Every structure is written in structure tokens, then in C-alpha cells.
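Colleague: Coordinates for the following, if possible.
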Amino acid sequence: MERVQEHAVTSGVDEPAGRPDRTEPALELLVHGVGGATPEAMLGDPRTVRITGDDTAAVFRRAADVDAESRTADGRTGPIREAYVWCNLTSGNGTRALWLLLLPFMVVNLAHWMRPTARDRKRTVRFYGLLVRLAGLTLTVLLVAAACEVALDLAAWQCAGTRACAERHSWLGFLSPAVSHDSWWSRPGRRLALAALVPTALTVLLWYLSRRTWSEYESQQPMPRRAEPDDEPDSSALGRPGFWYGRRLVARLRAAHTAAGLLVVAAAVTVSAARFDRGPDGSHALVGLGALLEAALAGLAFVVVYVVCRRGRSEHRLDQALDRRLVRRLPLGALLLLVLALLYAGWSRPGWESSGRLPGDPVFGGIALVQGLLVIVLAVVAHLLQRTHPDPRAAMRGLGGPAVAMLACALGGVMSGGVSQRVSDWLDGTGTSIAGPPVLLTWQASVIPLLLVVVLVLCCALGHRTWRLRRSELAAVALDYPGGRKDRTRTARIASTRAMATLTDRGPLLVAVTATATLLLGAGALIGAFTTDRTPSRAGQGGHAFVHGAAQTSQGLGSWLIGLGFVLFVTWGRRAYKDPSARRTIGILWDVGTFWPRAAHPFAPPCYAERAVPDLTWRIATWTRATGGRLVISGHSQGSVLAAAAAWQLKPAQRKRVALLTYGSPLERLYGRWFPAHFGPAALSRLHHEVDCWRNLYRLTDPIGGPVRLTGDCGPEVDHGPLKDPLEYGRTAQHPLPAPILGHSDYQADPAFAEERARLLARLRPEVPPQGSSGRSSA
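Modeller: All right, here's what the predicted structure looks like:
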């Protein structure tokens with residue numbers, strides 16, 4: 001394999017491609033899209049050879065084309081074809097099922113990249129990124145606080161401290177004073193110290209996942225080059241040398257978030273013990289130790305927030321620094337304070353008994369309040385950026401980032417409340433022996449039915465609009481397929497597929513309504529919890545019968561729904577761990593959600609593009625330098641986004657020797673609308689002018705791909721007219737069987753694909769000599 005790789009990569013170096021007696025080679029580099037593909041299917045040949053790469057991502061060729069560059073022209077009618085297969089970057093072994101735990105972190109990381117286009121507003125852009133990083137930090141605190149609520153409050157404090165509950169769960173017997181007859185572990189502080197191992201293990205697991213993926217993804221160094229001047233208004237940050245190299249920032253954020261998680265555990269143990277020490281039965285010595293420990297926790301928490309706020313991404317250069325002292329000492333300092341907190345809580349305290357709840361409501365209420373304020377301020381900043389440089393195609397008028405950040409916080413709240421509610425129901429089947437989770441979590445669960453009603457009404461409205469659009473598409477289908485007898489069922493199926501494909505364009509409306517309703521209902525739950533200090537059903541006991549009944553119904557239904565969601569979440573995770581097909585489905589979700597680097601949250605699933613984009617860039621640059629040949633990057637779906645990102649990373653001279661062929665591409669339809677600062681009209685127009693040529697294919701039946709929509713004369717130059725789907729309406733001599741409706745798949749089956757590829761190859765200049773022959777390389 002090593003010999004094949006060396007021969008394929010270096011062929012043509014000793015015989016420069018500019019010789020007049022040799023035909024210039026042409027290469028088509030295929031990049032698959034969402035869901036992945038096999039090299040055999042991409043190349044249409046069962047015999048393929050890995051040219052370069054490893055088991056995670058690699059470039060393949062047909063076995064017959066391994067040494068194609070070194071052979072003289074042999075009557076080949078098409079280009080050499082290579083396939084870049086990257087599906088294992090997002091759908092690997094069973095441990096990928098654990099990534100479901102990281103869903104809120106992934107969503108808040110997306111919010112960082114959704115900011116509107118900004119020119120000459122560097123401070124505002126930095127402030128936007130700072131707000132999203134702080135929102136990400138609150139999600140880490142929320143997740144660890146939920147683990148503390150389950151392990152410390154519900155299990156160790158409430159259930160182990162209640163005889164009936166402890167007798168029902170024998171595994172908690174040694175922690176119960178009544179069941180174990182006041183054993184050593186039955187003291188409240190020691191129970192809390194032992195239970196603290198659960199959230200500590202969760203924090204360590206998150207650190208481990210982030211550390212391992214960091215070494216596999218962020219440590220892949222892009223091709224070194226000098227930064228191009230990006231002071232032009234249409235420049236894209238994706239072309240900066242350090243954009244796909246976030247190694248330093250992720251390491252800093254990982255240290256800060258790990259320390260934050262450990263500090264949450266230490267604070268949960270310390271505050272509970274210190275509250276007793278400040279009472280009439282407390283010890284003066286322990287009061288002083290508790291105060292010192294709380295001050296140390298607050299001081300280190302301030303350092304954590306400072307580290308998160310202090311530095312953003314370094315994109316203009318390859319930042320090789322790692323801040324090793326900070327990365328090591330910050331988590332170790334938090335771990336030391338946690339050990340001291342466990343020793344402090346485990347000290348003998350005569351007369352200390354557990355009753356009621358631990359002080360969880362102020363904690364979860366404070367987190368919810370901070371998250372709401374961050375989202376509101378983020379919306380103001382995004383509005384200012386959008387107003388400065390309006391983009392009519394931007395999703396939600398530039399407010400997509402704040403809305404998605406709100407949904408990330410809501411996901412975190414649902415996961416936290418779902419775990420707490422289900423564990424409480426499991427521990428206390430009768431609902432009478434323990435106090436249960438904090439009142440705020442019950443209020444948050446109670447507003448879920450109202451949120452679902454809002455979403456259901458909106459979905460019904462969208463369904464009605466889609467049905468009306470289907471009726472108008474019936475006439476359009478008849479015009480697109482003139483002549484012949486029409487089949488009403490066939491026409492209706494094509495029209496329905498086209499109408500359903502437009503639902504993607506209604507995504508901003510759905511997100512806007514859901515995020516707004518979530519913010520308002522969350523604020524109502526926060527106010528209700530703190531003004532009544534009772535669950536909704538108890539708070540409505542003194543009111544009208546209808547109000548009381550509605551409160552009871554909403555609380556019971558919300559508890560059931562949040563529990564169902566948690567069960568489905570766990571079931572999906574277990575199935576994904578055991579079933580490779582289910583694991584592949586989860587990989588499809590990550591294909592869309594993990595394209596962007598981890599700029600806001602280090603525990604988010606890793607960015608596969610930090611491996612894929614450098615892979616493509618290195619392959620394109622080395623092949624064109626060695627052969628001087630023509631190259632077409634052929635990207636389908638998400639592969640078209642990777643192709644565009646790789647083209648931006650090339651040197652200008654190399655970029656002009658490359659053509660783009662995209663099909664089923666979400667470049668404008670999804671990325672251009674949701675990420676306007678990086679894939680907006682100006683950035684895509686500049687990419688069109690910097691590559692040699694670009695053609696884009698799409699279908700009206702495709703729910704993902706669409707036109708690039710460049711303005712002026714650039715639009716027709718890039719976008720081919722919508723392809724027919726199906727290719728034929730009825731049976732013909734070429735299609736004796738009914739042609740299928742392909743939608744987002746199998747674009748290469750359309751004759752337009754081969755025609756456009758041939759035109760791109762013909763437009764590329766074959767007479768350009770290889771860069772290596774000039775004796776110098778552009779920087």
C-alpha cells in the first residue's frame with residue numbers, strides 16, 4: 001500500500017506536465033455528502049485502491065488508474081477519477097453513541113458561526129463570540145448541576161435520608177442512618193462526598209472525550225501559507241490559514257470547562273456543609289474553614305470566566321501555542337479544591353441530619369436567568385450587526401444565532417429536568433416519601449405541553465401552506481412534461497415531492513417561533529417558581545377550578561413528556577451503541593451539525609472539517625503541483641461545502657487552476673442563510689471569481705440542495721437550470737420502466753452531470769505549467 005501511495009502522489013514530478021509531447025492529465029476529485037458512501041459506489045468499480053490516507057479518511061482510485069499520470073495518452077475519453085471518503089469521521093465505533101449527550105453543546109457551538117455579516121465591527125464581533133462562549137459555559141454548569149441534583153440531592157440526601165425510600169432501594173441501605181444503624185457512611189456529609197463521585201466522573205468523561213477528539217481532529221495541521229489580505233468586504237474567513245486549526249482555543253476552553261464542572265461539584269458539597277456549620281450546632285473552626293473554601297471556589301470560578309472571555313480564535317495564522325501551564329494547572333487546581341471540599345464535608349458533625357431538599361432552586365434559577373439574559377443581549381448584538389450591513393437572505397434577519405442559542409439552552413434544560421424527574425419518580429414511586437427535584441424543574445416541565453401546542457399549530461399552518469403549494473405545482477408539472485397522456489397519480493406524486501422539498505425554506509420560521517415561545521414560557525416558569533415556591537398543581541389549589549385543573553394536567557403531562565423524551569434518548573443511545581445502522585443514522589446528524597470548529601464549547605462533538613478540509617487541500621495542491629494538470633472538485637451535498645472550503649484554503653495561483661462542480665448543494669440554501677458571515681452572497685461571489693469556473697446542479701424535488709443565487713451575470717454562469725426529476729414522465733425507449741423521483745440522490749445519473757463536467761474540463765487551461773517547474777512556490 002505504501003508503494004502504491006508513493007507512486008500515485010509523485011508521478012509526474014520527474015516529467016513535468018508542460019512537455020509538448022504529453023497530454024495534460026485531468027482529475028475529478030469526488031467528495032460524497034451526508035450519510036457517506038463507499039469508494040466502489042462513488043467510482044463505479046468494485047476494484048479500488050487507497051491512494052493516500054488512513055482508515056478514517058482516505059482518497060481512492062480505480063485499480064486501473066493507479067499510475068494513470070505516468071502513462072502516455074491511451075485513448076482515455078474522461079478524467080482520472082478519485083474519491084475522497086470521509087464518512088468514518090462522523091460515524092465510527094460504538095462510542096459515538098455517547099455524542100448524544102453532547103447535543104446541547106453542539107447546538108450552542110453552531111450559534112457562534114451564525115452571526116450576521118460584519119464589516120469594520122471587530123469589537124462587536126468579538127463581543128458576539130464572547131457571549132456565545134459564556135452561554136456554552138452555562139450549559140456545562142447546568143449539566144453538571146443536574147448530575148449533582150440526581151446523585152447528591154435525590155439519591156444521597158433525600159432517598160438515603162428517608163427510611164421508606166432507602167428500604168425500597170437496598171443498594172442505598174448502607175447510606176441510610178435508619179437502615180444501616182448509623183454506620184460511618186450514613187453521616188450526611190459523607191453521603192454527599194461519596195455521591196459527588198458521580199458528577200465528578202461525568203466531568204472527567206467529558207474531558208476525556210474532548211481530549212481524545214482534540215488529538216485526532218484539531219491537531220491536524222493545514223497546509224502552511226501566508227495569510228491573504230482580508231480587508232476587502234467580500235473576503236471569507238474560511239480562507240484564513242488558521243481557520244481550520246483551533247487547537248489552542250479548544251485546549252483553553254477544555255481546561256476552563258473541566259474546571260467549571262469540578263467547581264460545581266465542590267460547591268454543591270461545600271455549601272451544604274457550610275450551611276449547617278453556620279447554624280446553632282455548627283463548629284466555629286469549621287465555619288472558618290468553610291468560608292475559606294467558599295472564597296477559594298469563588299476566586300477560581302472568576303479565573304474560569306476570565307479564561308473563557310479572554311481569548312477567541314486565532315485565524316490569521318497557524319497558532320502553535322498551547323498555554324500548557326494554564327491547560328494543566330486550571331483543572332488540577334479545581335480538582336484540589338474538590339478534594340478539600342470532600343474532606344471538609346466528610347468531617348464529623350454531630351446533630352447534622354438530612355431533611356427537605358438541598359438548595360437547588362436558586363442554582364437552577366440563576367442558570368436560567370443568566371442564559372435568558374445572554375440570549376437577549378446576543379439578539380441585540382446580532383441586530384446591530386445585521387442593521388449595519390443588511391442581508392435580505394439571512395435567516396430570521398440575522399437573529400438565527402440567538403434563536404439557536406436559546407434552543408441549546410432549552411435542550412440542556414429538558415435533558416436536566418428529564419433526568420431529575422425520571423430519577424425522582426424511580427426512587428419515590430408513591431410520590432410521598434421524598435420532596436423530589438427543585439420546584440423550578442417541575443415548572444419548566446409543565447410548560448412543555450404549551451410549547452408543543454404552539455409548535456403543533458405552526459406545523460399545521462405549514463402543512464396547509466404546503467398543500468396549497470402542491471396544488472399550484474400540479475400545473476407546473478404538466479408544463480415541464482408536455483405531450484403525452486398524463487397520469488394523475490404520477491403528477492400528484494411529483495408535485496407533492498416538490499412541495500415537501502420547500503419545507504426546508506420554512507426552517508427559519510419554525511426556529512423563530514419555537515425559540516420565542518421557549519424564551520417567554522421559560523421566563524413564566526422562572527417567575528412562577530420563585531413567586532410561589534410551590535409546584536404548579538399546588539400553586540393553583542386556591543384558584544379557580546379550571547386553573548387548578550389546567551395546572552395539574554400541564555404538570556402531569558409535562559412530567560410524562562419529559563420522561564418519555566429521556567427514555568427515548570437513552571433507548572436511541574443504547575441502540576446506536578449496538579446497531580451499526582442506527583449509529584450511521586446518528587452520523588448523518590453530526591455531518592450537518594459538526595462541520596464548524598469548536599469555537600464556543602470544547603465538549604461539543606469534534607469538527608470533522610478540521611481533518612477533511614486539510615486533506616482535500618493537501619491532495620489538490622500536491623497533485624496540481626506535480627502534474628500541472630486540470631482538476632475538477634466534484635462535491636455532492638455536504639461534500640460541496642467541503643469542496644468550497646478546500647478551494648478557499650488553496651493559494652490564489654492554485655485556486656485559479658481548479659473548477660468546482662457542485663450538485664445537491666446546500667451552500668446557499670442552508671449555509672448562506674444560516675451562516676451569512678461566511679457563506680453570504682459576497683463570499684460566494686468572490687469564490688466564483690477566484691476559481692477558474694464553477695457550475696451548480698439542483699432539482700426542485702431536492703429538500704437540501706438548491707441554487708447558489710449569485711447576483712448579476714454570475715448567477716447564470718454558476719447555476720444550471722433545475723434538472724428534471726424524474727428524467728422522464730412516462731415510459732420511453734430510453735426508459736422503458738418508470739423513472740424514479742431521485743430528489744437529493746444520484747445526480748450523476750442525469751446526462752447534464754457529464755455534460756457540465758466535460759465543459760468545466762474544457763474551460764480549464766491545460767497549458768499552465770506545474771508550479772514546481774518554476775523553481776519557486778508562491779507563499
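Colleague: State the next helix or strand along the chain beyond the strand or helix carrying residue 305.
Modeller: Under the criterion of DSSP states H and E, residue 305 resides in helix 284-310. As assigned by DSSP H and E, the chain's next helix or strand after helix 284-310 is helix 324-346.
Colleague: So which elements touch that following helix?
Modeller: If contacts are counted by 3 or more Cβ pairs under 8 Å, 6 or more residues apart in numbering; DSSP states H and E, helix 324-346 sits against helix 188-195, helix 247-277, helix 284-310. Yep, even glycine has a C-beta here, placed from its N, CA and C like the rest.
Colleague: quick one, that helix and helix 284-310 angle?
Modeller: Counting by axes from the mean of the first three to the mean of the last three Cα atoms, to 10 degrees, helix 324-346 points 150 degrees away from the direction of helix 284-310.
Colleague: what does helix 324-346 rub up against?
Modeller: Helix 324-346 is contacted from outside by 187, 189-190, 192-193, 196, 200, 207, 251-252, 254-256, 258-260, 262-263, 265-267, 269-270, 272-273, 286, 289-290, 293, 296-297, 300, 303-304, 307, using Cβ atoms under 8 Å, 6 or more residues apart in numbering.
Colleague: Buried residues in the very next helix or strand once past that helix, which are they?
Modeller: Moving toward the C-terminus from helix 324-346, the next helix or strand (DSSP H and E) is helix 361-388. With burial defined by 16 or more other Cβ atoms under 10 Å, the residues of helix 361-388 counted as buried are 361, 363-365, 367-368, 370-372, 374-375, 378-379, 381-382, 384-386.
Colleague: by contact count, what packs against the helix or strand just after helix 361-388?
Modeller: The helix or strand immediately downstream of helix 361-388 is helix 400-427, counting by DSSP H and E. When contacts are defined as 3+ Cβ pairs under 8 Å, 6+ apart, helix 400-427 packs onto helix 103-113, helix 122-148, helix 361-388, helix 439-446, helix 507-532, helix 545-578.
Colleague: CSV for those helices, including distance to residue 176 and mean pLDDT?
Modeller: CSV is the format used below for the helices and strands packed on helix 400-427 (distance: least, Cβ to Cβ, whole Å; pLDDT from 0 to 100):
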stretch, distance to residue 176, mean pLDDT
helix 103-113, 35, 94
helix 122-148, 20, 95
helix 361-388, 25, 94
helix 439-446, 25, 90
helix 507-532, 30, 94
helix 545-578, 26, 76
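Colleague: Which one, of the ones you listed, ends up nearest to residue 612?
Modeller: Set against residue 612 and scored by Cβ to Cβ, these come closest in helix 103-113, at 16.5 Å.
Colleague: Show me the contact partners of the closest one.
Modeller: With Cβ under 8 Å, 6+ apart as the test, helix 103-113 has contacts from 129, 132-133, 135-136, 139-140, 143, 378, 401-402, 404-405, 407-409, 411-412, 415, 590, 593-594, 596, 598-601, 603-605, 675, 677-678.
Colleague: C-alpha coordinates for that helix, CSV please?
Modeller: This file holds the C-alpha atoms of helix 103-113, laid out as CSV (Å, rounded to 0.1, in the frame of the first residue of the first chain):
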residue,chain,number,x,y,z
LEU,A,103,-26.3,17.7,21.6
PRO,A,104,-26.8,21.0,23.5
PHE,A,105,-23.1,21.7,23.3
MET,A,106,-23.2,21.1,19.5
VAL,A,107,-26.2,23.4,19.0
VAL,A,108,-24.7,26.3,21.0
ASN,A,109,-21.5,26.0,19.0
LEU,A,110,-23.5,26.5,15.8
ALA,A,111,-24.8,29.7,17.3
HIS,A,112,-21.2,31.1,17.3
TRP,A,113,-21.0,30.8,13.5
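Colleague: Check the offset of that helix from the chain's centre.
Modeller: 5 Å (Cα atoms, centre = their mean, to the nearest Å).
Colleague: What is the burial count for residue 350?
Modeller: For residue 350, the count of nearby residues is 7 (other Cβ atoms under 10 Å).
Colleague: To clarify, my last question referred to residue 272.
Modeller: For residue 272, the count of nearby residues is 20 (other Cβ under 10 Å).
Colleague: From residue 441, how far off is it?
Modeller: Separation of residue 272 from residue 441 (Cβ to Cβ, to the nearest Å): 18 Å.
Colleague: try residue 689
Modeller: Note on residue 689: its distance to residue 441, by Cβ to Cβ, is 54 Å.
Colleague: neighbour count winner among these two?
Modeller: Higher neighbour count among residue 689 and residue 441: residue 441, with 29 against 11, using other Cβ under 10 Å.
Colleague: export stretch 604-621 as CSV, just CAs?
Modeller: C-alpha atoms of stretch 604-621 as CSV (Å, rounded to 0.1, in the frame of the first residue of the first chain):
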residue,chain,number,x,y,z
ALA,A,604,-19.2,19.6,21.5
PRO,A,605,-18.7,16.8,19.0
PRO,A,606,-15.5,17.3,17.1
CYS,A,607,-15.3,19.2,13.8
TYR,A,608,-14.7,16.7,11.0
ALA,A,609,-13.8,19.5,8.6
GLU,A,610,-10.6,20.3,10.5
ARG,A,611,-9.5,16.9,9.2
ALA,A,612,-11.3,16.8,5.8
VAL,A,613,-10.5,20.3,4.6
PRO,A,614,-6.7,20.0,5.1
ASP,A,615,-6.9,16.5,3.5
LEU,A,616,-8.5,17.9,0.4
THR,A,617,-6.2,21.0,0.3
TRP,A,618,-3.1,18.9,0.5
ARG,A,619,-4.3,16.5,-2.2
ILE,A,620,-5.3,19.2,-4.6
ALA,A,621,-2.1,21.3,-4.1
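Colleague: Show the pLDDT at residue 348.
Modeller: Per-residue confidence (pLDDT) for residue 348: 87.
Colleague: Quick check: it touching residue 184?
Modeller: No: contact between residue 348 and residue 184 fails when scored by Cβ atoms under 8 Å: they sit 9.6 Å apart.
Colleague: residue contacts, residue 749?
Modeller: Shown in contact with residue 749 (Cβ under 8 Å, 6+ apart): 727, 742.
Colleague: Now the phi/psi pair for it, please.
Modeller: phi -70, psi -20 (degrees, to the nearest 10).
Colleague: do the same with the one 10 residues further on
Modeller: The phi and psi values for residue 759, taken as degrees, to the nearest 10, are phi -70, psi -40.
Colleague: dump the residue contacts of it.
Modeller: Each residue near residue 759 by Cβ under 8 Å, 6+ apart is listed here: residue 695.
Colleague: Leaving out chain neighbours, which residue sits closest to residue 458?
Modeller: Closest residue in space to residue 458, ignoring its immediate chain neighbours: residue 513 at 5.3 Å, by Cβ to Cβ, 6 or more residues apart in numbering.
Colleague: Kindly report the same for residue 413.
Modeller: Distances taken as Cβ to Cβ, 6+ apart put residue 444 closest to residue 413, at 5.6 Å, once the chain neighbours are dropped.
Colleague: Now do the contacts for that neighbour.
Modeller: Listed by Cβ under 8 Å, 6+ apart, the contact partners of residue 444 are 368, 413, 417, 522, 525.
Colleague: if you set the cut-off to 10 Å instead, what comes out?
Modeller: Contact analysis of residue 444 by Cβ atoms under 10 Å, 6 or more residues apart in numbering lists 364, 368, 410, 413-414, 416-417, 421, 438, 521-522, 524-526, 528-529, 558, 562.
Colleague: and residue 705, what pLDDT?
Modeller: Listed pLDDT for residue 705 reads 92.
Colleague: hmm, back to that, could you turn the buried ones of the contacts of helix 103-113 into a PyMOL selection?
Modeller: Selecting the buried subset of the contacts of helix 103-113 in PyMOL, with 16+ other Cβ under 10 Å as the burial test, is done by:
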select buried, resi 129+132+133+135+136+139+140+143+378+401+402+404+405+407+408+409+411+412+415+590+593+594+596+598+599+600+601+603+604+605+675+677+678
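Colleague: No further queries at this time; thank you.
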